[in-house]
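# Next come a sequence and a model predicted from it.
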Amino acid sequence: MMKTFANFIDNRDVPAERTMGTSDPFTGKIWATVPDDPGAVDRAVGSARLAFDTGPWGTMPAKHRAKLMVKLGQLLSRDAADLAVVETRDNGKLIRETSAQTAGLADYLDYFAGFADKIQGTQIPSPTPNFLIYTERKPRGVVGVIVPWNSPLSLLVWKLGPLLAAGCTAVIKPSELTPVTALLLAKVAREAGFPPGVINVVTGGAEVGAALTAHPGLDLITFTGGGETARHIAAAAAKNLTPTVLELGGKSPQIVFEDADVEAATNGLVAGIFAAGGQTCVAGSRAYLHESVAEEVLARVSQRAETIILGDPARMETEMGPVASDAQRDRILGMIAKAISEGAKVVTGGVVDPNLGGRFLRPTVLNNVTNQTSIVREEVFGPVLACLTFSSEAEVLDMANDSDFGLAAGVWTNDIRRAHRCSRDLNVGTVWVNTYRNVSFVAPFGGMKQSGYGRDNGLEALDAFLNTKTTWIETEGQTRDPFVLG
Ligand code: NAD
(Lines give C-alpha, C1' and ligand atoms only; values in the text may rest on other atoms or scores of the structure.)
Protein backbone atom coordinates (compact mmCIF):
# COMPACT_ATOMS: atom_id res chain seq x y z
CA MET A 1 0.00 0.00 0.00
CA MET A 2 1.23 3.48 -0.88
CA LYS A 3 2.58 5.41 2.12
CA THR A 4 2.30 9.16 2.54
CA PHE A 5 4.81 11.21 4.51
CA ALA A 6 4.79 14.83 5.64
CA ASN A 7 7.67 17.22 6.28
CA PHE A 8 8.93 17.26 9.85
CA ILE A 9 9.10 20.79 11.24
CA ASP A 10 9.07 21.90 14.89
CA ASN A 11 8.60 18.28 15.99
CA ARG A 12 5.38 18.06 13.97
CA ASP A 13 4.28 16.44 10.74
CA VAL A 14 3.59 19.25 8.29
CA PRO A 15 1.93 18.04 5.08
CA ALA A 16 2.45 19.92 1.83
CA GLU A 17 0.17 20.36 -1.15
CA ARG A 18 2.92 19.68 -3.65
CA THR A 19 4.21 16.12 -3.38
CA MET A 20 6.37 13.65 -5.28
CA GLY A 21 6.75 9.88 -5.39
CA THR A 22 9.75 7.86 -4.28
CA SER A 23 10.37 4.53 -5.96
CA ASP A 24 11.91 1.16 -5.14
CA PRO A 25 14.87 0.72 -7.53
CA PHE A 26 14.35 -3.06 -7.53
CA THR A 27 10.70 -3.01 -8.64
CA GLY A 28 10.83 0.44 -10.25
CA LYS A 29 7.50 1.17 -8.53
CA ILE A 30 6.60 4.20 -6.46
CA TRP A 31 5.97 3.09 -2.87
CA ALA A 32 5.58 6.40 -1.01
CA THR A 33 4.84 10.06 -1.56
CA VAL A 34 6.64 12.89 0.21
CA PRO A 35 6.38 16.69 0.11
CA ASP A 36 8.16 18.60 -2.64
CA ASP A 37 7.42 22.13 -1.57
CA PRO A 38 10.10 24.86 -1.63
CA GLY A 39 7.67 26.99 0.41
CA ALA A 40 8.23 24.72 3.41
CA VAL A 41 11.89 25.73 3.69
CA ASP A 42 11.24 29.13 5.25
CA ARG A 43 9.10 27.63 7.99
CA ALA A 44 11.72 24.98 8.75
CA VAL A 45 14.55 27.51 8.91
CA GLY A 46 12.35 29.70 11.14
CA SER A 47 11.78 26.78 13.49
CA ALA A 48 15.50 25.94 13.61
CA ARG A 49 16.30 29.61 14.28
CA LEU A 50 13.84 29.86 17.17
CA ALA A 51 15.14 26.62 18.66
CA PHE A 52 18.70 27.93 18.48
CA ASP A 53 18.06 31.49 19.69
CA THR A 54 15.36 31.11 22.32
CA GLY A 55 14.45 27.43 22.73
CA PRO A 56 15.66 25.13 25.50
CA TRP A 57 18.35 23.74 23.16
CA GLY A 58 20.33 27.00 23.17
CA THR A 59 20.79 26.98 26.95
CA MET A 60 20.80 23.23 27.50
CA PRO A 61 23.93 22.04 29.38
CA ALA A 62 26.23 20.14 27.02
CA LYS A 63 25.99 17.01 29.17
CA HIS A 64 22.23 16.96 28.65
CA ARG A 65 22.68 17.44 24.88
CA ALA A 66 25.02 14.47 24.91
CA LYS A 67 22.46 12.34 26.77
CA LEU A 68 19.85 13.11 24.12
CA MET A 69 22.30 12.06 21.42
CA VAL A 70 23.06 8.79 23.20
CA LYS A 71 19.34 8.17 23.61
CA LEU A 72 18.79 8.85 19.91
CA GLY A 73 21.47 6.27 19.12
CA GLN A 74 19.80 3.71 21.38
CA LEU A 75 16.42 4.23 19.71
CA LEU A 76 17.97 4.03 16.25
CA SER A 77 19.56 0.71 17.29
CA ARG A 78 16.16 -0.49 18.49
CA ASP A 79 14.73 0.36 15.04
CA ALA A 80 17.83 -0.63 13.05
CA ALA A 81 16.30 -3.64 11.29
CA ASP A 82 13.19 -1.69 10.21
CA LEU A 83 15.25 1.29 9.08
CA ALA A 84 17.45 -1.04 7.00
CA VAL A 85 14.39 -2.42 5.22
CA VAL A 86 13.17 1.09 4.36
CA GLU A 87 16.64 2.18 3.29
CA THR A 88 16.96 -0.81 0.96
CA ARG A 89 13.48 -0.24 -0.47
CA ASP A 90 14.24 3.41 -1.14
CA ASN A 91 17.75 3.15 -2.60
CA GLY A 92 18.30 -0.45 -3.68
CA LYS A 93 21.36 -0.96 -1.49
CA LEU A 94 21.95 -4.48 -0.22
CA ILE A 95 20.13 -5.33 2.98
CA ARG A 96 23.38 -6.79 4.31
CA GLU A 97 25.00 -3.37 3.97
CA THR A 98 22.04 -1.25 5.12
CA SER A 99 21.65 -3.55 8.15
CA ALA A 100 25.29 -2.99 9.08
CA GLN A 101 24.95 0.75 8.50
CA THR A 102 21.81 1.22 10.60
CA ALA A 103 23.22 -0.97 13.38
CA GLY A 104 26.29 1.29 13.49
CA LEU A 105 24.54 4.67 13.70
CA ALA A 106 24.60 4.70 17.51
CA ASP A 107 28.41 4.44 17.51
CA TYR A 108 28.66 7.67 15.52
CA LEU A 109 26.28 9.50 17.86
CA ASP A 110 28.01 8.12 20.98
CA TYR A 111 31.42 9.19 19.71
CA PHE A 112 30.33 12.77 19.06
CA ALA A 113 28.17 12.90 22.21
CA GLY A 114 31.42 12.36 24.09
CA PHE A 115 32.75 15.64 22.72
CA ALA A 116 29.70 17.75 23.59
CA ASP A 117 30.99 18.79 27.04
CA LYS A 118 34.62 18.96 25.99
CA ILE A 119 34.29 21.77 23.47
CA GLN A 120 36.41 24.46 25.01
CA GLY A 121 38.39 27.56 24.24
CA THR A 122 41.77 28.64 25.51
CA GLN A 123 43.23 31.31 27.69
CA ILE A 124 45.77 33.18 25.63
CA PRO A 125 48.89 34.74 27.20
CA SER A 126 48.50 38.50 26.82
CA PRO A 127 51.24 40.52 25.06
CA THR A 128 51.00 43.03 27.96
CA PRO A 129 50.16 42.25 31.61
CA ASN A 130 46.94 44.27 31.71
CA PHE A 131 44.74 41.94 29.68
CA LEU A 132 43.00 38.66 30.18
CA ILE A 133 42.34 37.15 26.76
CA TYR A 134 40.34 34.02 26.22
CA THR A 135 38.46 32.23 23.47
CA GLU A 136 35.22 30.26 23.49
CA ARG A 137 33.96 27.84 20.88
CA LYS A 138 30.38 28.73 20.00
CA PRO A 139 27.90 26.74 17.92
CA ARG A 140 27.54 28.28 14.49
CA GLY A 141 23.74 28.22 14.55
CA VAL A 142 21.26 27.00 11.96
CA VAL A 143 22.72 24.48 9.53
CA GLY A 144 21.31 23.39 6.16
CA VAL A 145 22.15 19.71 5.68
CA ILE A 146 21.87 18.27 2.15
CA VAL A 147 22.69 14.60 1.58
CA PRO A 148 22.65 12.21 -1.39
CA TRP A 149 20.86 8.93 -1.98
CA ASN A 150 23.64 6.37 -1.86
CA SER A 151 23.97 6.01 1.94
CA PRO A 152 21.18 8.27 3.10
CA LEU A 153 21.05 7.60 6.85
CA SER A 154 24.76 7.03 7.39
CA LEU A 155 25.83 10.19 5.61
CA LEU A 156 23.17 12.14 7.48
CA VAL A 157 24.37 10.85 10.87
CA TRP A 158 27.99 11.64 9.92
CA LYS A 159 26.84 15.26 9.84
CA LEU A 160 24.29 15.19 12.67
CA GLY A 161 26.80 13.82 15.20
CA PRO A 162 29.14 16.82 15.23
CA LEU A 163 26.27 19.25 14.48
CA LEU A 164 24.34 18.25 17.60
CA ALA A 165 27.45 17.92 19.77
CA ALA A 166 28.35 21.50 18.82
CA GLY A 167 24.86 22.72 19.77
CA CYS A 168 23.62 23.71 16.30
CA THR A 169 20.14 23.13 14.88
CA ALA A 170 19.38 21.52 11.53
CA VAL A 171 17.20 21.76 8.46
CA ILE A 172 17.78 18.54 6.58
CA LYS A 173 17.04 18.05 2.87
CA PRO A 174 17.49 14.38 1.99
CA SER A 175 17.75 13.22 -1.61
CA GLU A 176 14.48 13.10 -3.54
CA LEU A 177 15.39 9.48 -4.36
CA THR A 178 15.65 8.44 -0.69
CA PRO A 179 13.67 10.84 1.47
CA VAL A 180 11.99 8.51 3.94
CA THR A 181 14.64 7.43 6.47
CA ALA A 182 15.55 11.04 7.34
CA LEU A 183 11.88 11.62 8.25
CA LEU A 184 11.89 8.46 10.37
CA LEU A 185 15.09 9.55 12.12
CA ALA A 186 13.54 12.92 12.96
CA LYS A 187 10.55 11.22 14.58
CA VAL A 188 12.89 9.00 16.61
CA ALA A 189 14.73 12.17 17.72
CA ARG A 190 11.43 13.59 18.98
CA GLU A 191 10.86 10.36 20.90
CA ALA A 192 14.37 10.65 22.35
CA GLY A 193 13.41 14.06 23.75
CA PHE A 194 14.97 16.54 21.32
CA PRO A 195 13.11 19.86 21.69
CA PRO A 196 11.07 21.23 18.74
CA GLY A 197 13.06 22.85 15.97
CA VAL A 198 16.41 21.16 16.62
CA ILE A 199 15.99 18.60 13.83
CA ASN A 200 13.74 19.55 10.91
CA VAL A 201 13.37 17.68 7.62
CA VAL A 202 12.04 19.08 4.36
CA THR A 203 11.87 16.63 1.49
CA GLY A 204 11.81 17.30 -2.24
CA GLY A 205 14.03 17.79 -5.23
CA ALA A 206 16.53 20.34 -6.49
CA GLU A 207 14.06 23.23 -6.12
CA VAL A 208 13.69 22.56 -2.41
CA GLY A 209 17.48 22.19 -2.09
CA ALA A 210 17.99 25.47 -3.94
CA ALA A 211 15.45 27.25 -1.70
CA LEU A 212 17.35 25.98 1.35
CA THR A 213 20.83 26.96 0.17
CA ALA A 214 19.62 30.42 -0.93
CA HIS A 215 18.00 31.05 2.47
CA PRO A 216 19.67 33.96 4.29
CA GLY A 217 18.81 32.40 7.66
CA LEU A 218 21.46 29.68 7.45
CA ASP A 219 24.77 29.94 9.31
CA LEU A 220 26.33 26.96 7.51
CA ILE A 221 25.57 24.57 4.66
CA THR A 222 26.99 21.07 4.85
CA PHE A 223 26.56 19.12 1.64
CA THR A 224 27.41 15.66 0.37
CA GLY A 225 26.74 14.98 -3.30
CA GLY A 226 27.91 15.64 -6.83
CA GLY A 227 30.21 18.36 -8.13
CA GLU A 228 27.66 20.03 -10.41
CA THR A 229 25.20 20.43 -7.54
CA ALA A 230 28.05 21.68 -5.34
CA ARG A 231 28.76 24.48 -7.81
CA HIS A 232 25.11 25.64 -7.61
CA ILE A 233 25.25 25.47 -3.84
CA ALA A 234 28.53 27.36 -3.58
CA ALA A 235 27.11 30.09 -5.86
CA ALA A 236 23.92 30.36 -3.82
CA ALA A 237 25.89 30.38 -0.57
CA ALA A 238 28.17 33.12 -1.91
CA LYS A 239 25.21 35.52 -2.15
CA ASN A 240 24.72 35.34 1.64
CA LEU A 241 28.37 34.55 2.40
CA THR A 242 27.15 31.35 4.05
CA PRO A 243 30.08 29.03 4.78
CA THR A 244 29.96 25.59 3.18
CA VAL A 245 31.35 22.12 3.71
CA LEU A 246 31.36 20.16 0.44
CA GLU A 247 31.90 16.39 0.36
CA LEU A 248 31.91 15.44 -3.33
CA GLY A 249 32.70 12.68 -5.75
CA GLY A 250 35.85 10.87 -6.74
CA LYS A 251 37.72 8.85 -9.32
CA SER A 252 39.82 6.93 -6.87
CA PRO A 253 42.88 4.96 -7.99
CA GLN A 254 43.82 1.54 -6.67
CA ILE A 255 47.49 0.72 -7.25
CA VAL A 256 48.69 -2.89 -7.25
CA PHE A 257 52.48 -3.15 -7.00
CA GLU A 258 54.55 -6.14 -8.07
CA ASP A 259 55.15 -7.14 -4.43
CA ALA A 260 51.47 -7.11 -3.45
CA ASP A 261 49.52 -10.04 -2.06
CA VAL A 262 47.62 -10.68 -5.28
CA GLU A 263 44.69 -12.41 -3.63
CA ALA A 264 44.17 -9.62 -1.11
CA ALA A 265 44.54 -7.02 -3.85
CA THR A 266 41.96 -8.79 -6.00
CA ASN A 267 39.54 -8.83 -3.12
CA GLY A 268 40.22 -5.15 -2.48
CA LEU A 269 39.67 -4.21 -6.12
CA VAL A 270 36.36 -6.09 -6.16
CA ALA A 271 35.26 -4.49 -2.88
CA GLY A 272 36.32 -1.08 -4.12
CA ILE A 273 34.29 -1.05 -7.31
CA PHE A 274 31.52 -3.63 -7.08
CA ALA A 275 30.35 -3.15 -3.47
CA ALA A 276 27.14 -1.09 -3.64
CA GLY A 277 27.33 -1.47 -7.42
CA GLY A 278 30.07 1.14 -7.54
CA GLN A 279 27.61 3.73 -6.28
CA THR A 280 29.92 5.06 -3.60
CA CYS A 281 31.95 8.23 -3.55
CA VAL A 282 35.10 6.20 -2.82
CA ALA A 283 34.57 3.68 -5.62
CA GLY A 284 38.05 2.51 -6.63
CA SER A 285 37.28 2.96 -10.29
CA ARG A 286 40.82 3.24 -11.71
CA ALA A 287 43.03 0.17 -11.26
CA TYR A 288 46.75 0.65 -11.91
CA LEU A 289 48.37 -2.78 -12.17
CA HIS A 290 52.12 -3.30 -12.28
CA GLU A 291 52.98 -4.85 -15.65
CA SER A 292 54.45 -7.96 -13.98
CA VAL A 293 51.16 -8.84 -12.22
CA ALA A 294 48.64 -7.11 -14.50
CA GLU A 295 47.57 -10.19 -16.44
CA GLU A 296 47.02 -12.28 -13.32
CA VAL A 297 45.15 -9.57 -11.40
CA LEU A 298 42.99 -8.69 -14.39
CA ALA A 299 42.04 -12.35 -14.85
CA ARG A 300 41.23 -12.83 -11.16
CA VAL A 301 39.16 -9.63 -10.87
CA SER A 302 37.23 -10.46 -14.06
CA GLN A 303 36.52 -14.01 -12.88
CA ARG A 304 35.25 -12.75 -9.54
CA ALA A 305 33.16 -10.09 -11.34
CA GLU A 306 31.52 -12.80 -13.40
CA THR A 307 30.45 -14.74 -10.32
CA ILE A 308 28.98 -11.80 -8.40
CA ILE A 309 25.41 -12.67 -7.40
CA LEU A 310 23.04 -10.07 -8.80
CA GLY A 311 19.48 -9.88 -7.55
CA ASP A 312 16.99 -8.58 -5.04
CA PRO A 313 18.91 -6.33 -2.61
CA ALA A 314 16.51 -7.37 0.15
CA ARG A 315 17.94 -10.93 0.08
CA MET A 316 20.97 -11.62 2.27
CA GLU A 317 22.85 -13.66 -0.36
CA THR A 318 22.72 -10.91 -3.02
CA GLU A 319 26.10 -9.29 -3.71
CA MET A 320 25.06 -6.55 -6.11
CA GLY A 321 21.67 -4.91 -6.60
CA PRO A 322 20.33 -2.67 -9.34
CA VAL A 323 21.67 0.80 -10.08
CA ALA A 324 19.52 3.52 -8.57
CA SER A 325 17.50 4.70 -11.57
CA ASP A 326 16.86 4.15 -15.27
CA ALA A 327 18.59 7.45 -15.98
CA GLN A 328 21.68 6.29 -14.09
CA ARG A 329 21.73 2.97 -15.98
CA ASP A 330 21.51 4.79 -19.31
CA ARG A 331 24.22 7.23 -18.28
CA ILE A 332 26.59 4.39 -17.32
CA LEU A 333 25.93 2.50 -20.56
CA GLY A 334 26.57 5.74 -22.47
CA MET A 335 29.91 6.20 -20.68
CA ILE A 336 30.93 2.61 -21.50
CA ALA A 337 29.98 3.11 -25.17
CA LYS A 338 32.02 6.31 -25.29
CA ALA A 339 35.03 4.55 -23.73
CA ILE A 340 34.78 1.79 -26.36
CA SER A 341 34.68 4.41 -29.10
CA GLU A 342 37.90 5.81 -27.60
CA GLY A 343 39.58 2.40 -27.79
CA ALA A 344 38.63 0.64 -24.54
CA LYS A 345 38.09 -3.13 -24.59
CA VAL A 346 35.45 -4.85 -22.48
CA VAL A 347 37.05 -7.67 -20.50
CA THR A 348 33.74 -8.56 -18.90
CA GLY A 349 30.30 -6.96 -18.50
CA GLY A 350 29.43 -3.73 -20.24
CA VAL A 351 25.78 -4.68 -20.65
CA VAL A 352 22.48 -4.99 -18.82
CA ASP A 353 22.23 -8.45 -17.24
CA PRO A 354 20.48 -10.61 -19.88
CA ASN A 355 18.49 -12.54 -17.26
CA LEU A 356 17.47 -9.76 -14.89
CA GLY A 357 17.21 -6.84 -17.33
CA GLY A 358 16.00 -3.45 -16.05
CA ARG A 359 18.52 -1.66 -13.89
CA PHE A 360 20.86 -4.63 -13.43
CA LEU A 361 24.21 -3.88 -15.02
CA ARG A 362 26.79 -6.65 -15.29
CA PRO A 363 29.91 -5.89 -13.23
CA THR A 364 32.19 -4.37 -15.84
CA VAL A 365 35.95 -4.48 -16.31
CA LEU A 366 37.59 -2.48 -19.10
CA ASN A 367 41.18 -2.36 -20.26
CA ASN A 368 43.08 -0.85 -23.17
CA VAL A 369 42.46 2.63 -21.74
CA THR A 370 44.86 5.49 -21.04
CA ASN A 371 44.79 8.21 -18.43
CA GLN A 372 43.11 10.40 -21.06
CA THR A 373 40.20 8.04 -21.82
CA SER A 374 37.00 9.71 -20.60
CA ILE A 375 36.03 6.80 -18.37
CA VAL A 376 39.37 7.12 -16.55
CA ARG A 377 38.72 10.82 -15.88
CA GLU A 378 35.00 11.04 -15.09
CA GLU A 379 33.08 9.67 -12.12
CA VAL A 380 30.81 6.83 -13.33
CA PHE A 381 29.04 6.05 -10.05
CA GLY A 382 28.43 2.51 -11.23
CA PRO A 383 30.10 -0.94 -11.38
CA VAL A 384 32.77 -0.11 -13.94
CA LEU A 385 36.48 -0.69 -13.34
CA ALA A 386 39.02 0.74 -15.80
CA CYS A 387 42.37 -1.08 -15.70
CA LEU A 388 45.73 0.40 -16.71
CA THR A 389 49.29 -0.87 -16.38
CA PHE A 390 52.47 0.80 -15.16
CA SER A 391 56.14 -0.02 -14.84
CA SER A 392 57.51 2.22 -12.05
CA GLU A 393 56.41 3.81 -8.79
CA ALA A 394 57.10 7.34 -10.01
CA GLU A 395 55.08 6.74 -13.17
CA VAL A 396 52.06 5.37 -11.32
CA LEU A 397 52.02 8.15 -8.73
CA ASP A 398 51.97 10.69 -11.57
CA MET A 399 49.15 8.82 -13.27
CA ALA A 400 47.16 8.46 -10.04
CA ASN A 401 47.52 12.15 -9.21
CA ASP A 402 46.63 13.19 -12.78
CA SER A 403 42.94 13.58 -11.94
CA ASP A 404 40.51 16.39 -11.17
CA PHE A 405 39.47 14.44 -8.08
CA GLY A 406 41.27 13.67 -4.81
CA LEU A 407 39.01 11.70 -2.52
CA ALA A 408 40.78 8.40 -1.83
CA ALA A 409 43.33 5.87 -3.06
CA GLY A 410 44.23 2.25 -2.44
CA VAL A 411 47.83 0.98 -2.38
CA TRP A 412 48.66 -2.72 -2.46
CA THR A 413 52.25 -3.46 -1.48
CA ASN A 414 54.25 -5.40 1.09
CA ASP A 415 57.03 -2.82 1.12
CA ILE A 416 56.56 -0.61 4.18
CA ARG A 417 58.74 2.19 2.83
CA ARG A 418 56.83 2.26 -0.42
CA ALA A 419 53.55 2.36 1.49
CA HIS A 420 54.62 5.52 3.32
CA ARG A 421 56.03 7.13 0.17
CA CYS A 422 52.76 6.53 -1.63
CA SER A 423 50.73 7.88 1.26
CA ARG A 424 52.94 10.98 1.30
CA ASP A 425 52.72 11.60 -2.44
CA LEU A 426 49.10 10.75 -3.27
CA ASN A 427 47.07 13.94 -3.39
CA VAL A 428 43.90 12.54 -1.83
CA GLY A 429 41.97 12.82 1.44
CA THR A 430 42.26 9.14 2.44
CA VAL A 431 44.89 6.51 1.58
CA TRP A 432 44.21 2.85 2.30
CA VAL A 433 47.19 0.48 2.28
CA ASN A 434 46.41 -3.22 1.81
CA THR A 435 42.77 -2.47 2.56
CA TYR A 436 40.01 -0.40 0.97
CA ARG A 437 36.73 1.36 1.78
CA ASN A 438 37.18 1.58 5.55
CA VAL A 439 35.42 4.48 7.23
CA SER A 440 34.84 5.22 10.88
CA PHE A 441 33.62 8.02 13.13
CA VAL A 442 37.21 8.31 14.46
CA ALA A 443 38.88 9.10 11.12
CA PRO A 444 38.45 12.42 9.25
CA PHE A 445 36.99 11.85 5.79
CA GLY A 446 36.85 14.27 2.87
CA GLY A 447 38.42 15.32 -0.36
CA MET A 448 41.07 17.36 -2.02
CA LYS A 449 40.78 19.13 -5.38
CA GLN A 450 37.29 18.70 -6.89
CA SER A 451 36.37 16.11 -4.29
CA GLY A 452 35.49 19.03 -2.04
CA TYR A 453 36.57 20.67 1.20
CA GLY A 454 35.88 20.27 4.89
CA ARG A 455 35.84 16.97 6.74
CA ASP A 456 33.19 14.60 8.04
CA ASN A 457 34.08 12.27 10.94
CA GLY A 458 36.85 12.49 13.49
CA LEU A 459 37.41 15.32 15.93
CA GLU A 460 38.00 17.66 13.00
CA ALA A 461 34.37 17.34 11.87
CA LEU A 462 33.35 19.49 14.84
CA ASP A 463 35.28 22.51 13.57
CA ALA A 464 32.83 23.37 10.81
CA PHE A 465 29.99 23.64 13.31
CA LEU A 466 31.83 25.99 15.68
CA ASN A 467 32.87 29.62 15.68
CA THR A 468 35.65 31.01 17.82
CA LYS A 469 34.83 34.02 19.96
CA THR A 470 37.65 36.03 21.54
CA THR A 471 37.21 38.17 24.67
CA TRP A 472 39.72 40.81 25.90
CA ILE A 473 39.35 42.09 29.47
CA GLU A 474 41.37 45.05 30.67
CA THR A 475 42.34 44.14 34.23
CA GLU A 476 44.36 47.15 35.45
CA GLY A 477 42.07 50.11 34.70
CA GLN A 478 44.62 51.61 32.29
CA THR A 479 43.41 54.11 29.70
CA ARG A 480 45.02 54.12 26.30
CA ASP A 481 45.60 56.42 23.38
CA PRO A 482 42.22 56.27 21.58
CA PHE A 483 43.84 56.85 18.18
CA VAL A 484 46.30 53.97 18.20
CA LEU A 485 45.47 50.35 17.56
CA GLY A 486 46.80 48.12 20.30
P1 NAD B 1 23.40 15.12 -6.24
O2 NAD B 1 24.43 16.19 -6.21
O3 NAD B 1 22.61 14.92 -7.48
O4 NAD B 1 22.32 15.37 -5.09
C5 NAD B 1 22.70 15.53 -3.75
C6 NAD B 1 21.66 16.35 -3.03
O7 NAD B 1 21.64 17.67 -3.55
C8 NAD B 1 20.23 15.81 -3.17
O9 NAD B 1 19.60 15.92 -1.91
C10 NAD B 1 19.63 16.76 -4.18
O11 NAD B 1 18.22 16.89 -4.09
C12 NAD B 1 20.29 18.06 -3.80
N13 NAD B 1 20.28 19.08 -4.86
C14 NAD B 1 20.21 18.89 -6.20
N15 NAD B 1 20.26 20.09 -6.84
C16 NAD B 1 20.37 21.03 -5.88
C17 NAD B 1 20.50 22.46 -5.90
N18 NAD B 1 20.51 23.15 -7.04
N19 NAD B 1 20.62 23.10 -4.73
C20 NAD B 1 20.65 22.42 -3.56
N21 NAD B 1 20.52 21.08 -3.47
C22 NAD B 1 20.39 20.39 -4.62
O23 NAD B 1 24.14 13.79 -5.81
P24 NAD B 1 23.55 12.32 -5.77
O25 NAD B 1 23.35 11.82 -7.16
O26 NAD B 1 22.43 12.25 -4.80
O27 NAD B 1 24.80 11.56 -5.10
C28 NAD B 1 25.88 11.08 -5.82
C29 NAD B 1 27.08 12.00 -5.67
O30 NAD B 1 27.40 12.17 -4.29
C31 NAD B 1 28.31 11.38 -6.31
O32 NAD B 1 29.04 12.36 -6.99
C33 NAD B 1 29.09 10.88 -5.09
O34 NAD B 1 30.46 10.71 -5.31
C35 NAD B 1 28.78 11.93 -4.08
N36 NAD B 1 29.03 11.44 -2.72
C37 NAD B 1 30.08 11.96 -2.00
C38 NAD B 1 30.35 11.48 -0.71
C39 NAD B 1 31.48 12.04 0.13
O40 NAD B 1 31.43 11.88 1.35
N41 NAD B 1 32.48 12.68 -0.44
C42 NAD B 1 29.56 10.46 -0.18
C43 NAD B 1 28.52 9.95 -0.95
C44 NAD B 1 28.26 10.45 -2.22
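All right, it came through fine. Numbering: from 1, shown residues only.

# Single out the residue in this structure that lies closest to the ligand.
residue 209 (2.2 Å; Cβ to the nearest ligand atom). Where you see a C-beta, it was placed from the backbone N, CA and C, and this is true even at glycine.

# mind listing what that residue touches?
Applying Cβ atoms under 8 Å, 6 or more residues apart in numbering to residue 209 gives the contacts 146, 173, 229, 233.

# Low-confidence ranges, the protein, go.
Applying pLDDT under 70 to the chain flags no residue at all.

# Show me how it divides into domains.
Per automatic domain parsing, the domain ranges recorded for the chain read 3-248+451-470, 253-433.

# Residue 480: which of those is closest?
domain 3-248+451-470 (9.3 Å; Cβ to Cβ).

# Over to that closest one now: how far is its first residue from its last?
With Cα to Cα, to the nearest Å as the measure, domain 3-248+451-470 spans 50 Å from end to end.

# Look up phi and psi at the spatially closest residue to residue 286 that is not a sequence neighbour.
In this structure, residue 286 finds its nearest non-sequential neighbour in residue 253, 4.5 Å apart by Cβ to Cβ, 6 or more residues apart in numbering. When read as degrees, to the nearest 10, the backbone of residue 253 gives phi -80, psi 150.

# Count the neighbours of residue 253 for me.
The local packing of residue 253 (other Cβ atoms under 10 Å) involves 27 other residues.

# Residue 248 too?
Quick note: residue 248 (other Cβ under 10 Å) scores 26 neighbours.

# How about residue 132?
Residue 132 has 12 nearby residues by other Cβ under 10 Å.

# List the contacts of it.
Neighbouring residues of residue 132 by Cβ under 8 Å, 6+ apart: 123, 126, 472, 473, 475.

# how about the closest residue to residue 3 other than its chain neighbours, what does it touch?
Of all residues not flanking residue 3 in the chain, residue 32 sits nearest, at 4.1 Å (Cβ to Cβ, 6+ apart). For residue 32, the contacting residues are 2, 3, 4, 5, 21, 22, 90, 180, by Cβ under 8 Å, 6+ apart.

# how near is the first one to residue 40?
Put plainly, it is residue 2. Residue 2 sits 21 Å away from residue 40, going by Cβ to Cβ, to the nearest Å.

# Now the element after the one helix or strand residue 43 maps to, going C-ward?
Residue 43 is part of helix 40-53, with elements assigned from DSSP states H and E. The helix or strand immediately downstream of helix 40-53 is helix 56-59, counting by DSSP H and E.

# Quick one: residues in contact with that following helix.
Contacts for helix 56-59 (Cβ under 8 Å, 6+ apart): 51, 52, 65, 167, 169, 194, 195, 197, 198.

# Can I get the buried ones among those residues as something I can paste into PyMOL?
Selection of buried members from these for PyMOL, criterion 16 or more other Cβ atoms under 10 Å:
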select buried, resi 51+52+65+167+169+194+195+197+198
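
# Filter the contacts of helix 56-59 down to just the ones in helices.
Among the contacts of helix 56-59, DSSP state H puts 51, 52, 65 in helices.

# May I see those residues organised as JSON lines, with distance to the ligand added?
Formatted as JSON lines, the ones in helices among the contacts of helix 56-59 follow (distance: Cβ to the nearest ligand atom, whole Å):
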{"residue": "51", "distance to the ligand": "22"}
{"residue": "52", "distance to the ligand": "22"}
{"residue": "65", "distance to the ligand": "25"}
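
# right, and out of those residues, which lies closest to residue 374?
Using Cβ to Cβ, the shortest approach to residue 374 within these belongs to residue 52, at 45.7 Å.

# Disregarding residues adjacent in the polypeptide, which is nearest to the closest one?
residue 169 is the one closest to residue 52 (Cβ to Cβ, 6+ apart), at 4.5 Å.

# Bridge partners for that neighbour, pull those for me.
Legend: beta-bridge partners of residue 169 under DSSP bridges are residue 142.
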